[in-house]
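K.L.:
The sequence isn't on hand, but the structure is:
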Ligand code: CAA
């Protein structure tokens, strides 16, 4: 018998406990142990009248063991475990706590009854890994909660709270006291009351009363529309539709076939890579023993767009936060932005009114910098200018209590220089949030040369607490994300001169899977921002600079690379911009000719990958996966392509090296010459993933 699964009896009830930390994933040994013990408890022993399946540690089974995907399957499969549960003539009760997800929830759906502890969150998140539930989830879940809810859960991958699970019939009871004792009591009642043991797979009433096929197809179309190149959503819909159209045994086989196809796909490999890379990105081996400080109070300096968003992040996470502005007017504007954002979320049903009030109550506004004296962390989010920021850091140095973290939200500037404007560079760190800060998941945590292990550990821990995905990076202009983005921007302008139009460049990237292309993005962010920065650095962008000189700053002026109708955010191609592009190319003697989508994508992404190779060699990023996480969570790189470095590996670095060489010859831009690391790996027939950890 496996040591990861054990059995005891409690007054005639067999309690089978899974203990496979950290999340009780059902790897081979767990599956084998379960089949063995369930069969034993189900069999002849007349002393056992019912079975409870429970888990030790922080959660009920949180899914299949993702590290086993892609390896040859080792029976018994999760399906065999569920079949053993369903074959049991005695009541089987699943005792759920933590996060019963994926294969874990499917296991519970193979039981006759489900009870859960308060706080349990249940879901089928497979779609986020580029797969669909493969052990009956698409067939059993709609039979318990109805098709509409099952579709929402499976297509979003989002878990539901236990109350909701009770109301929709997914769990039978919430146990407020000891969970396993409650599950045993439930099992005894089921025996005493001779409750019928109807298998979930045989329950037809909710399916029968649910949508007809045309309603199903209409609802499904809404999800496929948003799938943007991903294969899993369509497969999930095919499997769910089979619940209505096929006998359950056939539908289960259909689900399995679709699952096996997806699990072997490049999309799922890419999404699994991101799952593990996300967890890796915040790990810094040389500070592993550093202890993060407790954060009871936070402060944010600046209530502009970024400052307001960061303030909301703290308030959302339950941390009282003081926000400081220089004038009462600016402060009021900032606080109004925060309140408006909350009200909009509440109006859309995303936030209960009392919770909104609680969040707003955690925010204190002031124009007195001295008010940050007792904060455990201060995040500076003032105007992006070294002089301005250094002045703020100098003043903070005289106010902030000793040991507190002083972070800057700068997106480009030198954290070491900011550290030097204080007497405690060890407490200074970068925390680069992405706009809108209360929404975007990425947090680049910038480690300065003098940043102490405790400061870095605290910034990472705070990031996690705020629900962010922290990725640790080193100091350089623009860090990892913006440094790579700048190359894409330069190339996008070149493509205009060479023959593409803004909407063609943008469409090539949205077809690739980005939510937006560079020009629509520039219009949204405001073209004047980059213009100002270029001027300060003596740089230029042939088309964007001219647009700015014409007062075309993007959406805020209703004109930029595109035209915007009054009140609309939909970009429309503008013949005036096309003329300007054609004229500029002619003045520069560039002969324009049409460019295909693939050529556009290569020109935009390969130089970024090349820069990523330089970033790795310089040690600015610790691992290629960190760069992938930054691009997926901060810049909308499609997760199903795994981020730029994983994508590069999937194409083969030899191909990328050759294309880069061709770009360098064509444009005369020396930065396109393959970076030494990329060149070496390509020559050795290796990929970025082969780099030692
Ligand atoms: N398989 C293997 N390892 C897993 C895992 C899984 N299903 N889930 C989590 N882990 C690992 C993580 O990689 C992490 O490892 P390290 O400590 O080495 O970094 C560790 O467990 C703890 O995970 P988190 O840091 O994420 O812990 P958390 O408390 O923040 O979150 C969680 C816990 C909500 C369960 C989260 O880990 C999670 O969402 N896991 C994935 C759940 C999932 O997708 N399940 C479906 C799997 S697919 C499936 O089941 C297919 C099927 O139908 C047969």
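P.N.:
Cool, got the structure. This structure is a prediction, so every number in the text was calculated from the model and none was measured.
K.L.:
Name the residue of the stretch 301-450 of the chain that lies nearest to the ligand.
P.N.:
In the stretch 301-450 of the chain, the residue that lies nearest the ligand is residue 441 (13.4 Å; CB to the nearest ligand atom). Yep, even glycine has a C-beta here, placed from its N, CA and C like the rest.
K.L.:
for the stretch 351-500 of the chain, same thing?
P.N.:
For the stretch 351-500 of the chain, CB to the nearest ligand atom, closest residue to the ligand: residue 464, 8.2 Å.
K.L.:
Show me what from this structure comes close to the ligand.
P.N.:
Within the chain, the positions adjacent to the ligand are 22-23, 25, 62-67, 78, 99, 101-103, 106, 125-126, 129, 133-135, 137, 276, 279 by CB under 6 Å from any ligand atom.
K.L.:
filter those to the buried ones?
P.N.:
23, 25, 62-66, 78, 99, 101-103, 106, 125-126, 129, 133-135, 137 (16 or more other CB atoms under 10 Å).
K.L.:
returning to what we had before: could you verify my assumption that the residue of the stretch 301-450 of the chain closest to the ligand touches residue 470?
P.N.:
No - assessed by CB atoms under 8 Å, residue 441 is found out of contact with residue 470, at 9.7 Å.
K.L.:
Between these two, which has more neighbouring residues?
P.N.:
Ranked by neighbour count (other CB atoms under 10 Å), residue 441 and residue 470 place residue 470 first, with 25 against 16.
K.L.:
I'd guessed residue 153 sits against residue 141; true?
P.N.:
Yes - using CB under 8 Å, residue 153 is in contact with residue 141, at 6.7 Å.
K.L.:
overlap in contacts of these two?
P.N.:
residue 124 (CB atoms under 8 Å, 6 or more residues apart in numbering).
K.L.:
Please narrow the residues of the chain next to the ligand to those residing in helices.
P.N.:
Among those, the members falling in helices (DSSP state H) are 78, 103, 106, 137, 276, 279.
K.L.:
so what's residue 1 scoring on pLDDT?
P.N.:
pLDDT, residue 1: 48.
K.L.:
Skipping adjacent residues, who's closest to residue 197 in space?
P.N.:
residue 112 (5.0 Å; CB to CB, 6 or more residues apart in numbering).
K.L.:
What distance do you get for the one you found to the ligand?
P.N.:
Counting by CB to the nearest ligand atom, to the nearest Å, the separation of residue 112 from the ligand is 20 Å.
K.L.:
Can you report how many residues lie near that residue?
P.N.:
The burial count for residue 112: 23, using other CB under 10 Å.
K.L.:
Enumerate every residue touching it.
P.N.:
91-93, 190, 197-199.
K.L.:
ok, now residue 490?
P.N.:
541, 607, 669.
K.L.:
can you list the weak-confidence ranges in the chain?
P.N.:
1-2 (pLDDT under 70).
K.L.:
What backbone torsions are found at residue 306?
P.N.:
The phi/psi pair for residue 306 (degrees, to the nearest 10) reads phi -70, psi -50.
K.L.:
Show me which parts of stretch 572-588 are buried, residue by residue.
P.N.:
Buried-residue list, stretch 572-588, by 16+ other CB under 10 Å: 574, 577, 580-581, 584-585.
K.L.:
go on, stretch 187-202?
P.N.:
For stretch 187-202, using 16+ other CB under 10 Å, the buried residues are 187-188, 190, 199-201.
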